[in-house]
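>>> The amino acid sequence is not available; the structure is as follows:
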């Protein structure tokens, strides 16, 4: 790294070690150590050390960052949110806007029995029993309150409940436009209205610690243009009460992915935005945050090889084809997995059944009848973009994808019989009586190809239920350091269920922001 | 951490930051930062800074450490090996002494076709394609030379070839007493004869870096008594050419395991020695080593719930019951997996088939006929210790474990037929014609219960094929820092095959020691 701090105002008066000496800061600073040799050593006055100062600084403006900002301001802390990209919201803004809520009013209205315990059990099953149960409990118990908080700030949810893969009941809400932006924008506006400052193109470069290993401040790169690592200007921000890392996952960081698992190379698609990289995770490790499960990447089984990024396929498959239709192997026209199983089960099945040892992929096809698309209005955009196709007969569908018609027709007939009987005899997919009209029945059919993409990082840094980041050596909280959301590991174990990310990020972001702000004794 | 450096000689003359200033060392030092406030600040003379000085210091005295010491001495470097335990050899000394060699003379003699490429293909299949292929190639290509090196130093191998799970040919040697101690003791003696110093009860506490982030030296705790973290005395050792971490895995570190995967708690057995803990991994992260796949622990499917630690079961099951007999579910008397599949396949199958949702375990039973134990002479000790049992009839065996006799008898008859036909029609286990007399046939039967224990850490720090540890931020080698063996991640991907650890550790240990010693430009 050849980056240099551009001193503003006093270019020749501030050397690193002198600064540390005056401030009583410990080093532990990879970035600053690079520049120590090239700078003058005259000591600045103490007040010159920091460019800005806040009670609480939050890195990342997704769900967790917005929730943390609101919570911190409600505690009366001066609050800054930094976002490295030009656009606010990170991966949250491009997600599907689906949130699992345990025990909502709408569930009660529909006679759906749900509870914190049932949601925990579903998430534990999805996570193969490897979840951090203490975190899981806090998340599930906080969903109802977090949901109300979003409504308080104007988030509009549809009055529809969905049952995403791995959930044992319908408990998932979606926003009016089926996008996380429906949440991040009102919450960010809410944070600003409460007095938080949101600053974009401001990248976390490094976290600075004091003599007890607690957080003193951060180094940021202002006026940063991703991905130009030499753009902008380095500045030092002082943190009085707490620094909250809400920096998200690192699914787009191909170098990091390949270090963990070389099979997740450039050839594997990714639903994340380009800025979902690992530098903030590394910055946290530099201050001794305990890593969790660094190599555990979740693949989303509902993505499409016919579009880049998140795209339209995940919505269509989750809302329509997977619950109400079927997914088949194009070579034999047969189903090979419960299309509503958890993500890991489905992605593992796709890779096992449809990818040959030599790497050849036979992309499976997921499809449903027209009524099945009623909960998936974005299908019209997918058709327009050439990601989805409409067929007037099963024969036309079979011909298009090269699927043998006879076994495909028999598979469709079998599935229709399962729906009629209310029981999937092949793979145990839930059949909802009250949705019976939506199931695969007759043409026209809507179809997409489905193939896993890197979607979510199960791993990250370790936190406790107070959202305090723990020290890799001692297991104790690192003073003044908090984290929430995808940058943390453990809550979801080996595999996260769909619509549990918004639940987690809003609950834990709120806890992190509140606890950071209340940390007055440290300031 | 409340540890303090006990200054020997000059207790009040050496403060940390002053020391750093004189030496030009960067901080980044969690341990020393703890003590900075409690010490005087007067600067020592430069020569007082270090207690000892070596060209190459190696931490850990297992296979990798011994191989590194020999290689470093052969390059003429002054060499110290530190071992934190009282006993040398770590997990290596208690392992089964089995080494896979690609293309050995004995294979050629027996007409077994093998190659570096075939061994790589087997390991890649076992690793689910997630191995670091560049490391894998170096390891497999180096096995023949490493095997000869061990013979040069007096290691005695039996003239028998075994086919461990996941290997497609018989390529595994075992030492005369079936233990890694047969290797570590001669290699350690060899290293000493070449002039290396081996120092026990000397624990790596911290790695010290200089201004460019390269390794300057280490802090050790001399006269350490595991696990008393306050025992002994802290000392500083200077490293001139290279520090080599051969500190092994962290399978016995339950706190670390639970952070990565709470299901691997105290209730899960472990084959490792008690000292297999994570502090050296944390010390490497503190100097910015890139972590790999921290949550990937391998479970050994051949362990026994009737003994603690590694014990006798792994030998018996790998050499006798699994290749020549069968493993059955006690509830139905039926096989449920290829007993010679790779470790992950077998352990996953045991957990899936024999553990109920409420946690109840029905330990499966593995057994073979008497001729099948010919390659497993340690079975007599297992009988003596009450871990294995001998039965004069299938009925007696069935009664002892509560297995229904009729389906068990039918299962045995089916398997005998598979052996007669040379093909396992149920699970595809290889049947060796030239070993036919060893297969399950008639009483007496030898049996053990088999259940997974934590055995191996697939994860660790990242290295390149030169055994240089890479920096988490830049991906470039950290100057003067090397690692080999289980402390590194990536070579084995998701699941290591049996007998590939000795292969890896000896090959990479040699490379690490050699490259560290040749690193004269840095000294």
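Alright, I've got the coordinates. Here the structure is a predicted model, which is why all the values come from computation and not from measurement.
>>> Give me the three-state assignment for residue A:55.
For residue A:55, the reduced secondary structure class is strand; criterion used: DSSP: H, G, I helix; E, B strand; the rest coil.
>>> ok, now how distant is the closest residue in space to it that isn't next to it in sequence from residue A:212?
Excluding its sequence neighbours, the residue lying closest to residue A:55 (C-beta to C-beta, 6 or more residues apart in numbering or on different chains) is residue A:77, at 3.6 Å. Glycine gets a C-beta too; all of them are placed from N, C-alpha and C. Between residue A:77 and residue A:212 the distance is 21 Å, computed by C-beta to C-beta, to the nearest Å.
>>> now residue A:512
Taking C-beta to C-beta as the measure, residue A:512 falls 20 Å from residue A:212.
>>> Repeat that for residue A:371.
62 Å.
>>> swap in residue A:55?
When distances are taken as C-beta to C-beta, residue A:55 and residue A:212 turn out to be 19 Å apart.
>>> Was I right to think the residue nearest to residue A:55 contacts residue A:57?
No: between residue A:77 and residue A:57 there is no contact under C-beta atoms under 8 Å: 9.9 Å.
>>> ok, those two, which is more surrounded?
Set side by side, residue A:77 and residue A:57 give different neighbour counts by other C-beta atoms under 10 Å in any protein chain shown, the larger being at residue A:57 (31 against 26).
>>> before we move on, the earlier item: ok, residue A:55 and residue A:212, which is more surrounded?
Neighbours around residue A:55 and residue A:212, counted as other C-beta under 10 Å, are more numerous at residue A:55. The numbers are 22 against 14.
>>> dump the residue contacts of the more buried one.
Contact criterion C-beta atoms under 8 Å, 6 or more residues apart in numbering or on different chains gives A:72, A:77-79, A:239-242, A:517, A:523 as the residues in contact with residue A:55.
>>> quick one: which of these has the most company?
If you count neighbours using other C-beta under 10 Å, the busiest of those is residue A:72, which has 36 neighbours.
>>> For that one, give me phi and psi.
Main-chain dihedrals, residue A:72, degrees, to the nearest 10: phi -70, psi -40.
>>> Tell me the buried residues in the longest helix that chain A contains?
Longest helix in chain A, counting residues (DSSP state H): helix A:133-152. Along helix A:133-152, these residues count as buried under the neighbour rule (16 or more other C-beta atoms under 10 Å in any protein chain shown): A:133, A:135-144, A:146-147, A:149-150.
>>> Please go through the residues you listed and note which also touch chain B.
Counting by C-beta under 8 Å from any C-beta of the partner chain, the subset of the buried residues of helix A:133-152 that neighbours chain B consists of residue A:133.
>>> Out of the buried residues of helix A:133-152, which is nearest to chain B?
Ranked by distance to chain B (C-beta to the nearest C-beta), the buried residues of helix A:133-152 are led by residue A:133 at 6.6 Å.
>>> The closest one and residue B:265 touch, don't they?
No: with contact defined as C-beta under 8 Å, residue A:133 and residue B:265 do not form a contacting pair (11.0 Å).
>>> Break chain A down into its structural domains.
For chain A, automatic domain parsing gives the domain ranges A:14-43, A:302-451.
>>> isn't there a strand covering residue A:516?
No: going by three-state DSSP, the assignment for residue A:516 is helix, not a strand.
>>> ok, now which ones touch residue A:301?
Contact criterion C-beta under 8 Å, 6+ apart gives A:165, A:317, A:343, A:346-347, A:349-350, A:450, A:452 as the residues in contact with residue A:301.
>>> try it again with 10 Å
In this structure, residue A:301 makes contact with A:165, A:314, A:317-318, A:322, A:327, A:337, A:339, A:341-351, A:364, A:366, A:450-453, A:455, A:498, judged by C-beta atoms under 10 Å, 6 or more residues apart in numbering or on different chains.
>>> Name every strand pairing with the longest strand along chain A and say which way it goes.
Ranked by number of residues, the top strand in chain A under DSSP state E is strand A:233-245. Strand partners for strand A:233-245, identified by DSSP bridges, are recorded as strand A:52-59 (parallel), strand A:215-222 (antiparallel), strand A:477-483 (parallel).
>>> Find out how far that strand is from the centre of the chain, if you would.
Distance of strand A:233-245 from its chain centroid, counting by C-alpha atoms, centre = their mean, to the nearest Å, is 23 Å.
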